[in-house]
Structures are given as structure tokens and as C-alpha cells.
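Chemist: what follows is a predicted protein model with its sequence.
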Amino acid sequence: QVQLVESGGGLVQPGGSLRLSCAASGSIFSIDTMGWYRQAPGKERELVATITSSGITNSATSLKGRFTISRDSAKNTVYLRMNSLKPEDTAVYYCYAVAIGPFSTKTNYWGQGTQVTVSS
């Protein structure tokens, strides 16, 4: 089992910045990919960015240049730096992890989510 705890969300003005953190605990040795998804009111959950244990990243094209994902393996933590925030970035941001089990089986884990609100 893997537990994910997010932090760093909140209210920010348009043009501002935030950094989200997600700390993993439990069977952390099995974690490969970590990342972030978001879900705005009335919309489906969408990919923000992911990063593998070897540092390979995948980001939503529309967010490249403003959002940056990074990972500290020693701390079992993934970060999302968000710059030049826009009102349309308002959403609940969910931490995500993929754990690899016996016979290369994959299990997805989700955090509880952290609210990011961009408003003046």
C-alpha cells in the first residue's frame, strides 16, 4: 500500500505562483511514476504532469512553460511548481503514483486532493 499526502494548495491571484508537494509513504520502494492530475468543477480529471523514477517527464502540452514537475527520491516527494497562474487553473489537484508489484503488476494510488483557486 502507498499513501499520498498533498500540501501547498490555496488561494492565489492571477499571475501568481504556487508549489504543490506530495509525500509518499508505505510501500515506497515499489513506486515508479508519480505525478499530478487536476479536476475543475464540472470537468473530467485531466493530466497535469508525471515523472518516472528515472526522471522522465510527461506534461500536458497546454501547461508546458508554466508548470514544472520535479521529484526528490530521497524524500519520496514529488513537486509541482505552477507559475503565471490563471483563473482556469482553478481545480482540485490530485497526487498520483504507480506502484509496481509482483509480475510487473501496476497499481494506481491517489491522494485526497488539494484545492487551488486562482482569483483576484
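Modeler: Structure's in. What do you need?
Chemist: quick one: pLDDT of the closest residue to Lys106 other than its chain neighbours?
Modeler: Distances taken as C-beta to C-beta, 6 or more residues apart in numbering place Val98 nearest to Lys106, at 5.4 Å, with adjacent residues excluded. Any C-beta I mention is one placed from the backbone N, CA and C, and that applies to glycine too. Reading off the confidence values, Val98 has pLDDT 94.
Chemist: before we move on, what about Gly65?
Modeler: You'll see Gly65 listed with a pLDDT of 88.
Chemist: run a quick neighbour tally on it.
Modeler: Look at Gly65: counted by other C-beta atoms under 10 Å, it has 10 neighbours.
Chemist: from Ile28, how far out is it?
Modeler: 31 Å (C-beta to C-beta, to the nearest Å).
Chemist: neighbouring strands for the helix or strand encompassing Tyr93, and are they parallel or not?
Modeler: Tyr93 belongs to strand 91-100 when assigned by DSSP states H and E. In the sheet, strand 91-100 lines up against strand 31-39 (antiparallel), strand 106-110 (antiparallel), strand 114-118 (antiparallel) (DSSP bridges).
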